[in-house]
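[1] any chance you could fold what I've pasted below:
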Amino acid sequence: MFRCGIAYPRCRWIVPLLLLFAIIFDIIAIAANSGWVEDEGAKSHYASMWSHCRGRNDNWDCKSLMEFSWAQAVAALMIIGLIILIIAFIISCIALCCTLNISLLPVIGALLFITVVIQFIALIIYPVKFNDLIFEGHYDYTWAYGFGWGATILTIGCGILFCCLPRYEDELTGLAKTKYIYTSA
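    As a prediction, the model looks like this:
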């Protein structure tokens, strides 16, 4: 028979998997050599979190952004966010996959919201300061910057789930009493 609703025992595996995707997205955003900012078509200027390059064809002059304090702050915040995200992932695997430890779920949710705030600050600082530093026309924030936002959005969703899951302890453990829509007369 067709049943509507959430299969809570599956949440024990799906939520840590979503955290793993957030970690992968964060690693892609942090490790990208380009793809944070490009001028129109990346013809003469592009940048990553770490450096920016100017030039044409195969003649590119790349300079580090790490000489600027704002770029160091962005890198530090993104890396700290990634570390906290990895810690939350490990705790979530212990709390949900190995054994069911409901008391750890709000702690994981709090860690994830801390990560969201840290990465949100970094992802806002970068375009503001980059535009102040190098504004010579129209720039697009591209795929690697988008992966940073993707990781942050996934982390928000997972944080909400981890804060809500303790209310459904019986459903997670499979001990919930079956609820019927229709009753016999």
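[2] going forward, measure contacts between C-alpha atoms and count neighbours the same way
    OK.
[3] longest helix in the chain, by residue count?
    helix 105-133 (DSSP state H).
[4] tell me which helix or strand comes right after that helix.
    Later in the chain than helix 105-133, the nearest helix or strand by DSSP states H and E is strand 139-141.
[5] buried residues in the very next helix or strand once past that following strand?
    Per DSSP H and E, strand 139-141 leads on to helix 143-164 as the next helix or strand towards the C-terminus. By neighbour count on 16 or more other CA atoms under 10 Å, the buried set for helix 143-164 is 143-152, 154-159, 161-163.
[6] also stretch 103-116?
    104-116.
[7] which pair in these has the greatest spatial separation?
    By the measure CA to CA, Leu104 and Val116 form the most distant pair in those, at 18.5 Å.
[8] and the gap between the residue nearest the centre of the chain and Met49?
    Central residue of the chain (CA atoms, centre = their mean): Ala151, 2.0 Å from the mean position. The gap separating Ala151 from Met49 is 15 Å, by CA to CA, to the nearest Å.
[9] before we move on, what about Trp13?
    32 Å.
[10] what of Ala29?
    Taking CA to CA, one finds Ala29 at 8 Å from Met49.
[11] just Lys63 next, same as before
    Distance, Lys63 to Met49, by CA to CA: 12 Å.
[12] repeat for Phe130
    Taking CA to CA, one finds Phe130 at 10 Å from Met49.
[13] between those two, who's got more neighbours?
    Neighbour count, other CA atoms under 10 Å: between Phe130 and Met49, Met49 has more, with 25 against 16.
[14] check for me that the more buried one belongs to a helix.
    No. Met49 is assigned coil when assessed by DSSP: H, G, I helix; E, B strand; the rest coil, not a helix.
[15] phi first, then psi, for it.
    Per-residue torsions, Met49: phi -70, psi -20 (degrees, to the nearest 10).
[16] go on, Trp50?
    Given degrees, to the nearest 10, the pair of backbone angles that Trp50 has is phi -100, psi -30.
[17] just give me the neighbour total for it.
    Trp50 - counted by other CA under 10 Å - has 20 other residues nearby.
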